[in-house]
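K.L.:
Got a predicted structure here, sequence first:
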Amino acid sequence: MDELDHKILHALQKDSRVAFLQLAKQFNVTEGTIRHRVKKLQEEGVLQQFTIKIRSDASCIIEIITTAHVPTAVISQKIKQLGVSQIYEVAGRASIVCVLQAKNLEEINEIIEKIRVIKGVMQTETLPILKII
C-alpha cells in the first residue's frame, strides 16, 4: 500500500458514500485510478466492508463469557441472528464483545435476555454507552 491507498482508505472511513469522482479530483488522479485502487484493496482484504451508522437512542457494549464446550463461532452466529452487527471475538475474561444499538433500553434488554439463553453463554456484562467522544 502506498500513500494514495492510505488517503483513499482515510477518506472512505470518514464517508464511505463519497463518489470516486470526488476522490479523484481531491487526489489529482483519474476516477479509474480510484476505482482500480478500491477494487484492489477489496481483493487484498484490506477494505473488507462498507458500513452505515444508524442513529439510535440507546447503545451498549456487551461482554459475553462463554463455556469452552461450545465454539465461539457458533455462539457468535446465533447472536448475529438477533440483529447484532458488531461482534468481536476477544481474549480476556470475556470471549465475545458486542456493540449493540437499539431504539431504546427496553429493546436492548430484550436482546440481552435472548443472548443469555444461547447455549454456551455463561454470563454477560452490559456497559451502557453514555456518549460518544
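P.N.:
Alright, I've got the coordinates.
K.L.:
Domains of the protein: list them as residue ranges, please.
P.N.:
Domain assignment for the chain by automatic domain parsing gives 3-43, 58-128.
K.L.:
who's in contact with Ile118?
P.N.:
Going by CB atoms under 8 Å, 6 or more residues apart in numbering, Ile118 touches 75, 78-79. Glycine gets a C-beta too; all of them are placed from N, C-alpha and C.
K.L.:
can I get these in CSV with pLDDT and secondary structure?
P.N.:
Conversion of the contacts of Ile118 to CSV gives the following (pLDDT from 0 to 100; DSSP: H, G, I helix; E, B strand; the rest coil):
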residue, pLDDT, secondary structure
Ile75, 97, helix
Lys78, 96, helix
Ile79, 96, helix
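K.L.:
the strands in the chain, which residues?
P.N.:
Counting by DSSP state E, the chain has strands at residues 58-66, 86-89, 96-102, 121-128.
K.L.:
Select, out of these, the one closest to Glu44.
P.N.:
strand 86-89 (21.8 Å; CB to CB).
K.L.:
hmm, back to that, closest one of the contacts of Ile118 to Asp5?
P.N.:
Distances from Asp5 to the contacts of Ile118, taken by CB to CB, are shortest for Ile79, at 33.0 Å.
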